[in-house]
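Participant: Pasting the sequence and the predicted coordinates here, then a few questions.
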Amino acid sequence: MVQDPFGDLRELYQEVILDHGKHPRNHRHPPDASHEARGDNPLCGDRITVYMRMGASGIIEDVAFEGRGCAISTASASLMTEVIKGKNESEARALFECFHDMCTKDDADPHAHGPVDEDALDRLAVLAGVREFPVRVKCATLAWHTLAAAMTGGLKASTE
Ligand code: ZN
């Protein structure tokens, strides 16, 4: 019998995704949000609103979300809010670029977009398995597209 050397790791990843999917962190509507955007992934039915409060120094002081979606989209939004807080806009965008690569490329280079928080990338790696399921890539990246729209000042993001 051939053992899958990554079997245990996959199981662990699955657990993290299920935990964040069932008990999303920062699932709330902060009354003092300075930016927000809505995201829509019609392919799966995921809908999300991302809220953030950008401080005067350009630091993302708070980030939260509301919405409904599959476990992947909810877990991704939950993880995103945990790793994005305390970053500035360019750090957040670099992280998004790296995460997007991770979800779409087999040989993603974590340094392709300048300096990036590697601990945060490690945490986001639990979602990299969507690479094998192109439809799921949209679920995993919806929150990030929506965050980017909120930072740009747009009100809507769609995966379509
Ligand atoms: Zn989905």
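Facilitator: Received, thanks.
Participant: how about the helix or strand containing Trp144: buried residues?
Facilitator: Element membership for Trp144 (DSSP states H and E) is helix 134-152. Residues of helix 134-152 classed as buried: 136-151 (neighbour count, 16 or more other CB atoms under 10 Å). No exception for glycine: its C-beta is placed from N, CA and C like everyone else's.
Participant: now stretch 84-100
Facilitator: Across stretch 84-100, burial judged by 16+ other CB under 10 Å covers 84-85, 87, 89, 91-100.
Participant: Distance from that stretch to the middle of the chain?
Facilitator: Distance of stretch 84-100 from its chain centroid, counting by CA atoms, centre = their mean, to the nearest Å, is 10 Å.
Participant: quick one: contacts of that stretch?
Facilitator: Here stretch 84-100 makes contact (CB atoms under 8 Å, 6 or more residues apart in numbering) with 52, 54, 57-63, 83, 108, 110, 112-117, 120-121, 124, 127, 141, 144, 147-148, 151.
Participant: show me the contacts for Gly67.
Facilitator: Under the criterion of CB under 8 Å, 6+ apart, the contact partners of Gly67 comprise 39, 46-49, 73-74, 77.
Participant: ok, and of those residues, which contact the ion?
Facilitator: Under the cut-off given by CB under 5 Å from the ion, the ion has 46, 73 from the contacts of Gly67 close to it.
Participant: ok, back up a step: what's the ChimeraX line that selects buried ones from the contacts of stretch 84-100?
Facilitator: The ChimeraX selection below is limited to those of the contacts of stretch 84-100 classed as buried (16+ other CB under 10 Å):
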select :52,54,60,62,63,83,108,113,116,117,120,121,124,127,141,144,147,148,151
